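J.: Build me a structure from this.
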Amino acid sequence: MYRIIMNDLMEWYEKAQDKVLVLKGAKGVGKTWTMIDFGQGFFKHLIYVNLEKDEDAQMLFKQGSRVKADKLLAALSLFCSQRYEEGNTILVFDEVQKYPKAVEAIMSIKHQKPELPVCMISSTVGTIVHEAEYKEEWYPLILYPMTFEEFLTANKAQDLCKHIENQKLEPVGEDVIEQITEYLKIFYIVGGMPIVVLDYVKNKDLNRVDAILKALLMRTQEYIEAEVPKAYAAKVDRIWKSIPAQMEKDNRKFMYQYVDEKARAREYEKSVNWLVDTGLVRKINRIKEGIAPLALQVDDKSFELYHLDHGLLRVMCGVSYKQVQAAKEPMEDANGALLEQLVLSELTMNHTVDNLYFWISGATARVDFVFEDDGEVVPVDVQSRIRRKAQSMKVFNAKYRNHMAIRISLDELGFSKGILNIPLYGLWNF
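T.: Take a look at the predicted model:
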């Protein structure tokens, strides 16, 4: 299954094998499958170890940094029943985030054999053990849920991707736009979790989609309960369960009163950060002013918490696929929250966009997303027929005199009066 991150993995393969590849991402986004697929495609042999599932394998790393590379490689080859051939083998170590000794041993192997291709996989997007110590020796990548481009490719609709990629040079015909929009409506329902997408591609059954998404949410709840430190457990659980209510209100700003009437920010800060580090939620900070550099305008105390995936958020909000299909307007559910969640995921995968923020002015104006491009501040309005916010964009533009703004809608690509309209289906390609 095609994943965009393969391009980054090829970059590492061609130019940076002297560094340890570190692939991060939340549970269920496809890290293991992606690395095994890549490893088998680019190397003659692959030795894969899951430290969480293979308790016996953990014993192989107990010496930490004192390990002897040749001895450990022989043991790993025997343990995994995979041949080790120098120059033709990649080592992949999964779930390293909880095993400091394993990270020490892996780095020791790399120091002893610098030419050896090594990958570590972590089910977190936050800092992992020994990261500060080895930061300069790592090649970090983050894998997210599947994008619309990947969804089209999985459905063997690559020809539609070509039309989207060429829309700057050649207008997309109405019949093609209709096809793309139908796929987009399905993607809005299915989301980007690989296991859900694969099942939809195989069975084309939205009842199964909702059932799998519900099962994934249950597994996520179990994962949180199993992994969260006891000191944070109750607070993390409340935060997680408050996300639908936080997202469905007009003001997306995270409010502790939706978690607990008596909640105080300082009491919940570590719990919020723990959830963010797992990658199960995305934290978008408010900027005080729309002035570059935006990093200096960040308000650390004011933020929005988005979900990992719009499909999971839909089910968590209690919106069935039948409700989506029965809506008068396409992709208009949960007060526009699902649409913004989808846009966040798509913008994240656009290499033009770096850090994303949001902006509010008093209680009247809110710009969904703001990013910086070569020193230019760019506000982004997600155009929802339920929640029209054109006035907010005007307030922002009047105050900061920015040269360009982006409106995301179902309308065709176009530029008028300083506003670039980007169709929702083409966010990866502007």
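
J.: helix, strand or coil for residue 379?
T.: strand (DSSP: H, G, I helix; E, B strand; the rest coil).

J.: ok, now residue 226?
T.: Of the three states, residue 226 takes helix according to three-state DSSP.

J.: so how far is residue 220 from it?
T.: Applying CB to CB, to the nearest Å, the value for residue 226 to residue 220 is 11 Å. For glycine as for every other residue, the C-beta is placed from the backbone atoms N, C-alpha and C.

J.: More neighbours: the two, which one.
T.: residue 220 (19 against 7; other CB atoms under 10 Å).

J.: got the buried residues for the strand or helix carrying the more buried one?
T.: Residue 220 belongs to helix 206-227 when assigned by DSSP states H and E. For helix 206-227, a neighbour-count test (16 or more other CB atoms under 10 Å) marks 206, 209-210, 212-213, 216, 220, 223-224, 227 as buried.

J.: count of neighbours near residue 73?
T.: Using other CB under 10 Å, residue 73 has 20 other residues around it.

J.: Skip the chain neighbours and tell me the closest residue to it.
T.: residue 84 (5.2 Å; CB to CB, 6 or more residues apart in numbering).

J.: Identify the residues contacting the residue nearest the centre of the chain.
T.: Centroid check for the chain by CA atoms, centre = their mean gives residue 144 as the closest residue, at 3.1 Å. By CB atoms under 8 Å, 6 or more residues apart in numbering, the contact list for residue 144 reads 25, 29, 192, 345, 348-349.

J.: do residue 62 as well
T.: By CB under 8 Å, 6+ apart, the residues touching residue 62 are residue 101.

J.: I'd guessed residue 98 sits against residue 122; true?
T.: No: Residue 98 is not in contact with residue 122 according to CB atoms under 8 Å; the separation is 9.1 Å.

J.: got the CA positions of whichever helix or strand residue 195 is part of in CSV?
T.: Following DSSP H and E, one finds residue 195 within helix 194-203. Only the C-alpha atoms of helix 194-203 are listed here, as CSV (Å, rounded to 0.1, in the frame of the first residue of the first chain):
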residue,chain,number,x,y,z
PRO,A,194,-4.8,2.1,7.4
ILE,A,195,-6.7,-0.9,8.7
VAL,A,196,-10.0,0.9,8.0
VAL,A,197,-8.9,2.1,4.6
LEU,A,198,-7.8,-1.4,3.6
ASP,A,199,-11.1,-3.0,4.7
TYR,A,200,-13.1,-0.4,2.8
VAL,A,201,-11.0,-1.0,-0.4
LYS,A,202,-11.6,-4.7,-0.1
ASN,A,203,-15.3,-4.7,1.0
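
J.: May I see the buried residues of it?
T.: Applying 16+ other CB under 10 Å to helix 194-203 flags 194, 196-200 as buried.

J.: same check, this time on stretch 158-177
T.: Quick answer for stretch 158-177 (16+ other CB under 10 Å): 160-161, 163-164, 167, 172, 176-177.

J.: Tell me how many other residues crowd residue 269.
T.: Residues contacting residue 269 under the criterion other CB under 10 Å number 13.

J.: swap that for residue 275, sorry
T.: 23.

J.: just checking, it touches residue 241?
T.: No: when contacts are counted by CB under 8 Å, residue 275 is not listed as touching residue 241 (11.3 Å).

J.: so what does the host helix or strand of residue 344 touch, helix or strand wise?
T.: Element membership of residue 344 [criterion: DSSP H and E] is helix 337-348. Counting by 3 or more CB pairs under 8 Å, 6 or more residues apart in numbering; DSSP states H and E, the packing neighbours recorded for helix 337-348 are helix 174-190, helix 233-248, strand 298-307, helix 310-316, strand 365-373, strand 376-382.

J.: tell me the most buried of the ones you listed?
T.: Compared across the helices and strands packed on helix 337-348, helix 310-316 shows the largest average neighbour count, a mean of 26 (mean count of other CB atoms under 10 Å).
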